[in-house]
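Student: pasting the sequence and the predicted model now:
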Amino acid sequence: MSTFLTIEKLSKAYGRQVVFEATDLTVNEKQKIGVIGRNGAGKSTLFKIIVGEEQPDSGGIFLHSIAHLGYLQQHEVIDGDQTVLEYLENSSQKETWRCAKIAFKFGLTKEYLDKKISALSGGYLMRLKLTVMLLTEPNIFLLDEPTNFLDVHTQLLLERFLINYKGAYMVVSHDREFLKRTCEQTLEVERGKIFFYPRPIDEFLEYKDERLAFAKLYNKKIDREQKHLQAFVDRFRYKASKAKQAQSKIKAIERLEKVEIDDKLERVRILIPGVEYKKGSLVRTENLSIGYKDKIVAENINLDIDKGEKVAIVGDNGQGKTTLLKTLAGELKLLGGTVKWSYGMKMAYYAQHVPAGLNFKEKVWHYLRSNASGDIPDEEVLKMAGNFLFHEDDLEKEIGVLSGGEKARLCLAGLLLTKSNVLLLDEPTNHLDFETVEALGRALQDFVGSVIFISHNRTFINSVATLIVEVKDGKVLRLPYNFEEYVYRLEQEVDKEEAEVKPNSKEENGQNENDKRQKFEENKILKRKLKRIEENLQELRKEQEKLLKRQICNSQKFLLIDYERMGEIVKLLEEGEEEWLEVSAELEK
């Protein structure tokens, strides 16, 4: 197997902060590596050193001659005056038809190719960067947070590309579901070291826990042996007949070595200050129209959301998710219809780019104290700061010196301290490491108030959402199924797109694609579809089994909504099994 990249004895520090210390890594062809680690651990720094944007203090980075490197970074300034097509042609030096073909894979249709880059949303900018990188035809590439601002539909397109990609790549992501689907190996950046594990992220995390448990048990065993030997030494050290044995035991004690266990990294613990539990309707919209003076984004919106719901707003980029949330938050004026909130609701709104709008001269403590509800004592504010990993020394820091992840954590801590019973969150998980994302998800699950949020992090949505609202083609609809089924239906759409879109190979090589290749591609699509149906059926059966157990063990707490869900599951299982038979028959042909 050919080696693309070698890192030897890499060391890098910023002042007293050691990022890497004499660490090694080898990346071979066809390796698909998910890169994980805390914010500030050095993941982006590692990528910048590999591509030559930063220099190591010592050690070497060797990119072998057969490697053609591509790099997608988090922050890149692009001239907004160019059209999308002009930028693609200028950056890649490829023909127009090839630029258009790769762009189309990421939803950049002709409508978008003619747009100015300045008119693109954050999600479409990310699609543009992906297209440019792929046009350079790398055989190894680095993706730094590619799913930030990408809608679920585009994430599925990116996943499909990565799964079928024949080269090597390394992906930094804080979305566990995305890494689980696309990466076969895991690289953890932690405490100045790089640890490579040759299996996917879930298996790595399980291995990590098992390794820690084994080390603790082993050290306890060593403790017992040392105490046993020491007791013999203490008893017989000065007895002439046993002196020789005692000396032997002393040497045995010295030979017994414990496994070194690093101090466990401090974990984010998010406890949302308690608010009063309330029942009834939270918000109702009637014939609502949303958008801007010169453009209606969606109209005839009729939603009724109850208190305590955790509502995920989903849909493709540019469809109006943020416009809807801003309108509900009162940040945008209604274009028509009404929005009626229940009396006495206190709302807090977290915007996508709120961390960038902070006063960088303000101190961390002042920001938290000034945002906190007046009835929250200083001790509780300090506790919240500590839960978000801001300690005594950090409180006097100016906000401007914080990293992107630290600013996002600070904003969330300030928002939760307001003691609002309605939280409106637009992309709260961007720039957070996956431990913080999952801690926030757990906290919002337990929160008795209401949450209406936008996120493209599937792990987060799955853990929080009790209701899915889709914004699509000028309509806003409350969906009658959960997020997993929403993703499953999107995957079916992606399959359909792949089957319908046939590349114009006549322009590429002057001849039509042969039937064998076409059937091979169709088979791949059907096999993927069959696998997804089987996975969906398995999840439904697990859910059915849990409901049945709950019904048997605690029938008094088995609610009407549980019976309704059991009925839905039976229907979905029947439909899924029927679809499985149809796809299997088609595949056999």
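Tutor: That came through, no problem.

Student: gap between residue 293 and residue 250?
Tutor: 86 Å (CB to CB, to the nearest Å). Every C-beta, even on glycine, is put in place using the N, C-alpha and C of the backbone.

Student: who has more neighbours out of those two?
Tutor: Using other CB atoms under 10 Å as the criterion, residue 293 and residue 250 rank with residue 250 on top: 15 against 7.

Student: my guess is the more buried one meets residue 234, correct?
Tutor: No: look at residue 250 against residue 234 with CB atoms under 8 Å: they stay out of range, at 10.7 Å.

Student: which residues touch the residue nearest the centre of the chain?
Tutor: The centroid of the chain falls nearest to residue 175 when counting by CA atoms, centre = their mean (1.9 Å). Neighbouring residues of residue 175 by CB atoms under 8 Å, 6 or more residues apart in numbering: 147, 434, 437, 456-460.

Student: same thing but at 10 Å, please
Tutor: 145-148, 150, 155, 181-182, 429, 434, 437, 455-461 (CB atoms under 10 Å, 6 or more residues apart in numbering).

Student: kindly report the same for residue 65.
Tutor: residue 4.

Student: against residue 375, how distant is it?
Tutor: Distance of residue 65 to residue 375, given as CB to CB: 66 Å.

Student: quick one on the thing from earlier: now the residue nearest to the centre of the chain. Nearest residue, chain neighbours left out?
Tutor: Spatially, and ignoring its direct neighbours in sequence, residue 175 is nearest to residue 457 (4.7 Å; CB to CB, 6 or more residues apart in numbering).

Student: burial measure for that neighbour, as a count.
Tutor: Counted with other CB under 10 Å, residue 457 comes out at 29.

Student: and if you look at residue 317?
Tutor: As a burial measure, residue 317 scores 23 neighbours (other CB under 10 Å).

Student: so what's the nearest residue to it once chain neighbours are set aside up against?
Tutor: Nearest non-adjacent residue to residue 317, counting by CB to CB, 6+ apart: residue 123, 3.3 Å away. By CB under 10 Å, 6+ apart, the residues touching residue 123 are 107, 147-151, 154, 316-318, 321, 456.

Student: same question for residue 580.
Tutor: Neighbour list for residue 580: 529-530, 533-534, 536-537 [criterion: CB under 10 Å, 6+ apart].

Student: quick check, nearest of these to residue 241?
Tutor: The nearest member of the contacts of residue 580 to residue 241, counting by CB to CB, is residue 534 at 72.6 Å.

Student: tell me which residues touch that closest one, please.
Tutor: Residue 534 makes contacts with 576, 580, 583, as judged by CB under 10 Å, 6+ apart.

Student: how does it look with 6 Å?
Tutor: With contacts defined as CB atoms under 6 Å, 6 or more residues apart in numbering, residue 534 has no neighbours.

Student: I'd like the numbering to begin with 32 instead of 1 from here.
Tutor: Will do, 32 is the new start, and the previous item becomes residue 565.

Student: what helix or strand is it on?
Tutor: When elements are assigned from DSSP states H and E, residue 565 belongs to helix 546-584.

Student: list the buried residues in that helix.
Tutor: For helix 546-584, burial by neighbour count (16 or more other CB atoms under 10 Å) applies to 556-557, 559-561, 563-564, 567-568, 571, 574-575, 578.

Student: low-confidence ranges, the stretch 382-531 of the chain, go.
Tutor: For the stretch 382-531 of the chain, applying pLDDT under 70 flags the ranges 528-531.

Student: helices of that one, start to end?
Tutor: 395-402, 409-418, 423-426, 435-447, 465-477, 489-495, 514-531 (DSSP state H, counting those that start in this stretch).

Student: out of these, which gets nearest to residue 167?
Tutor: Across the helices of the stretch 382-531 of the chain, closest to residue 167 is helix 514-531 (CB to CB), at 23.1 Å.

Student: for the closest one, packing partners?
Tutor: Under the contact criterion of 3 or more CB pairs under 6 Å, 6 or more residues apart in numbering; DSSP states H and E, helix 514-531 touches helix 183-195, helix 546-584.

Student: my read: residue 369 touches residue 318, true?
Tutor: No: between residue 369 and residue 318 there is no contact under CB atoms under 6 Å: 7.5 Å.

Student: which residues do those two both contact?
Tutor: Taking CB under 6 Å, 6+ apart as the contact rule, residue 369 and residue 318 touch no residue in common.

Student: only whichever of the contacts of residue 206 are buried, select them in PyMOL.
Tutor: Selection of buried members from the contacts of residue 206 for PyMOL, criterion 16+ other CB under 10 Å:
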select buried, resi 176+177+178+179+181+186+212+213+460+465+468+486+487+488+489+490+491+492
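
Student: could you dump the helices of the stretch 382-531 of the chain to JSON lines with distance to residue 302?
Tutor: Output for those, formatted as JSON lines (distance: least, CB to CB, whole Å):
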{"stretch": "helix 395-402", "distance to residue 302": "15"}
{"stretch": "helix 409-418", "distance to residue 302": "6"}
{"stretch": "helix 423-426", "distance to residue 302": "19"}
{"stretch": "helix 435-447", "distance to residue 302": "9"}
{"stretch": "helix 465-477", "distance to residue 302": "7"}
{"stretch": "helix 489-495", "distance to residue 302": "16"}
{"stretch": "helix 514-531", "distance to residue 302": "25"}
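
Student: among those helices, which is nearest residue 196?
Tutor: Set against residue 196 and scored by CB to CB, the helices of the stretch 382-531 of the chain come closest in helix 514-531, at 14.9 Å.

Student: tilt between the closest one and helix 546-584?
Tutor: Relative orientation of helix 514-531 and helix 546-584, computed by axes from the mean of the first three to the mean of the last three CA atoms, to 10 degrees: 170 degrees.

Student: for residue 177, helix, strand, or coil?
Tutor: Taking DSSP: H, G, I helix; E, B strand; the rest coil as the rule, one finds residue 177 in the coil state.

Student: contact partners for it?
Tutor: Contacts of residue 177 by CB under 6 Å, 6+ apart are residue 103.

Student: can you rerun that using 8 Å?
Tutor: Residue 177 neighbours (CB under 8 Å, 6+ apart): 103, 157, 161, 189, 202, 204.
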